[in-house]
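**Q** Starting from these lines, generate the structure:
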Amino acid sequence: MARKFVQLIIDKQVAQVILNRPEKYNALNFEMFRELDEVIGELKRDRKVHVVILSGSQGNFSSGLDVKSVSKSPIQAVKLLFKWLPGNANLAQRVSIGWRRLPMPVIAVLEGVCFGGGMQIALGADFRISAGDAKLSIMEAKWGLVPDMAGLVSLREVVSKDQALLLTMTAGVLSAQDALSKGLVTEVVDEPMVRALELAAILAKTSPDANAAIKMSINHSWNSSIRSLLSRESFSQIRLLLGKNRLIAAKRQTSEPDKVYKDRQARW
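**A** Take a look at the predicted model:
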């Protein structure tokens, strides 16, 4: 499917998703929101993809919402924010929380600027690999707004409550090292895309079903009761024990290190 603002490149088991509006520092217009949502849906259905790498084109992740573009059309603003029920995710929220809902690891490569809506999208990833000169900010308060793209789902898991308040209320711009010290990013390296590809290769050596089960279990159990956690672990383990990839994983550790995994189970 041809897309204008989001590129999807799948090479064997690794999918690369690239925000592609470089003349605007990959700012988010309505079409990019829609295309990101489509790509997330496509990846969720693709059982051959084991790892996703999310990045921005030409040295920037994203400067955030293109307010001027979206405000030109009230209909587009309504489509971004509309939801049937308050607890559902609207289009603006799905492009962040959607990465958490994918049954495979998602690695965000952060270069240049990662502001506002861009930071909300990055927070949806499982790992954030940042360049040393990247700048990051949860910037919505600067415009008199609350962060409303579901990034707070992840933010509450990676920073303390007072730091979350400080970051969101001040809309301060952080260096990569400051972001690392607060837990907003996973690693700071000289070549984040090289590191992301290395990490993707490592993750692809694990059973795709095991990765899916681990991600689902951790995300759903992080703040749930111990009883829910124990139940989810048992359910996942039974599914893994009955699956073909568990046997392949065992063979890869012993007699057949290059044996290829089967496609991921249909639902996780």
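
**Q** Pass me the low-pLDDT residue ranges in this structure, would you?
**A** Along the chain, segments meeting pLDDT under 70 span 1.

**Q** can you give me the helices for it?
**A** Taking DSSP state H to define them, one finds helices in the chain at 30-45, 67-71, 74-81, 91-100, 117-123, 151-158, 161-170, 176-182, 192-203, 208-221, 226-242, 244-253.

**Q** Could you dump those into CSV with distance to residue 266 and mean neighbour count added?
**A** Glycine gets a C-beta too; all of them are placed from N, C-alpha and C. Shown next, in CSV, are these (distance: least, Cβ to Cβ, whole Å; neighbours: other Cβ atoms under 10 Å):
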stretch, distance to residue 266, mean neighbour count
helix 30-45, 10, 19
helix 67-71, 36, 14
helix 74-81, 30, 13
helix 91-100, 19, 22
helix 117-123, 27, 29
helix 151-158, 25, 18
helix 161-170, 36, 14
helix 176-182, 37, 18
helix 192-203, 20, 18
helix 208-221, 10, 19
helix 226-242, 11, 13
helix 244-253, 13, 15
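
**Q** Quick one: closest of the ones you listed to residue 130.
**A** Taking Cβ to Cβ as the criterion, residue 130 comes closest to helix 176-182 out of those, the separation being 4.4 Å.

**Q** residues in contact with the closest one?
**A** Around helix 176-182, the neighbours that count as contacts under Cβ atoms under 8 Å, 6 or more residues apart in numbering are 110, 130-136, 159, 163, 167, 174, 185, 187-188.

**Q** Ok, stretch 59-75 next?
**A** Counting by Cβ under 8 Å, 6+ apart, stretch 59-75 makes contact with 19, 22, 24-30, 55-56, 76-77, 80, 108-119, 121-122, 134, 139, 143, all of which sit outside it.

**Q** Among those, name the buried ones.
**A** Buried residues within those, counting neighbours by 16 or more other Cβ atoms under 10 Å: 19, 24-30, 55-56, 76, 80, 108-119, 121-122, 134, 139.

**Q** Go ahead and build a ChimeraX selection from the buried members of the contacts of helix 176-182.
**A** To isolate in ChimeraX the members of the contacts of helix 176-182 that are buried, counting by 16+ other Cβ under 10 Å, one can use:
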select :110,130,131,134,135,136,159,167,174,185,188
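
**Q** now, which of the contacts of helix 176-182 sits nearest residue 217?
**A** residue 159 (22.1 Å).

**Q** Confirm for me that the closest one is in contact with residue 185.
**A** No - with contacts counted by Cβ atoms under 8 Å, residue 159 stays clear of residue 185, the gap being 11.2 Å.

**Q** now, which of the contacts of helix 176-182 sits nearest residue 245?
**A** Using Cβ to Cβ, residue 187 is the member of the contacts of helix 176-182 that sits closest to residue 245, with 27.7 Å.

**Q** in the sheet, who's paired with the closest residue to that closest one other than its chain neighbours?
**A** Residue nearest to residue 187 in three dimensions, not counting chain neighbours: residue 129, with 5.2 Å by Cβ to Cβ, 6 or more residues apart in numbering. Here residue 129 shows beta-bridge partners residue 109, residue 187, assigned using DSSP bridges.

**Q** how many other residues sit next to residue 129?
**A** Taking other Cβ atoms under 10 Å as the neighbour definition, residue 129 ends up with a count of 26.

**Q** For residue 55, see how far away it is.
**A** Separation of residue 129 from residue 55 (Cβ to Cβ, to the nearest Å): 9 Å.

**Q** Pull up the overlap in contacts between the two.
**A** With contacts defined as Cβ under 8 Å, 6+ apart, the residues adjacent to both residue 129 and residue 55 are 108-109, 196.

**Q** now the residues you listed in a markdown table, with distance to residue 50?
**A** Below are the shared contacts of residue 129 and residue 55 laid out as a markdown table (distance: Cβ to Cβ, whole Å):
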| residue | distance to residue 50 |
| --- | --- |
| 108 | 17 |
| 109 | 17 |
| 196 | 14 |
